[in-house]
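Undergrad: could you work out the structure for the sequence below:
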Amino acid sequence: MEILLVEDDLEDAGLTFEVLKEGDIACRVSLVRDGEEAMEFIHRRKKYRQAPRPDLILLDLNLPKMGGREVLTEVKADESLERIPVVVLTSSRTHQEILEAENLHVEAYLLKPVDVQKFIGVVKSLRRYLLSDVILPQ
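TA: Residues are numbered from 1 along each chain as shown. Predicted coordinates for the structure are as follows:
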């Protein structure tokens, strides 16, 4: 599983990496630290031309240069990206209310600091979501 972590706070990013390691989830995590860099990575532009396509985006909302809401809006508006699950990392439940009011769909919200068991539950439900659309050959 390719995970793109969009987080400007290195301490929060480190905690998230620890959660992923403790959760024993087979994944590769790429870290970008602002919204503009996230979009370059997702669209494979500039220094990210060889970047893997993320299977999951972990998105902080309070980002420099381009905010997380703008990143989310752009990802969900692009037909080639809209099916990538986005999990919002937030320190406030208010963010969930704001995104829902703006009809910005995300797969899950995780409050910071990220809890290992909740994160594993989100990943398991996302795996089921992703596999539900797979049609296996007869």
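Undergrad: separation between E74 and H105?
TA: According to Cβ to Cβ, to the nearest Å, E74 and H105 sit 13 Å apart. In short, each C-beta sits where N, CA and C put it, glycine included.
Undergrad: what stretches of this protein score poorly on pLDDT?
TA: 23-25, 95-103, 112-116, 119-138 (pLDDT under 70).
Undergrad: which stretches of it form helices?
TA: Secondary structure of the chain (DSSP state H): helices located at 10-22, 35-42, 68-77, 93-101, 116-132.
Undergrad: on that earlier part again, so E74 and H105 - more neighbours on which side?
TA: E74 (16 against 12; other Cβ atoms under 10 Å).
Undergrad: which non-adjacent residue is nearest that one?
TA: Excluding its sequence neighbours, the residue lying closest to E74 (Cβ to Cβ, 6 or more residues apart in numbering) is M39, at 6.4 Å.
Undergrad: mind listing what that neighbour touches?
TA: Taking Cβ atoms under 8 Å, 6 or more residues apart in numbering, we find M39 in contact with 45, 66, 71, 74.
Undergrad: how close does R49 sit to C27?
TA: Taken as Cβ to Cβ, the span from R49 to C27 is 22 Å.
Undergrad: do the same with M66
TA: Counting by Cβ to Cβ, the gap from M66 to C27 is 25 Å.
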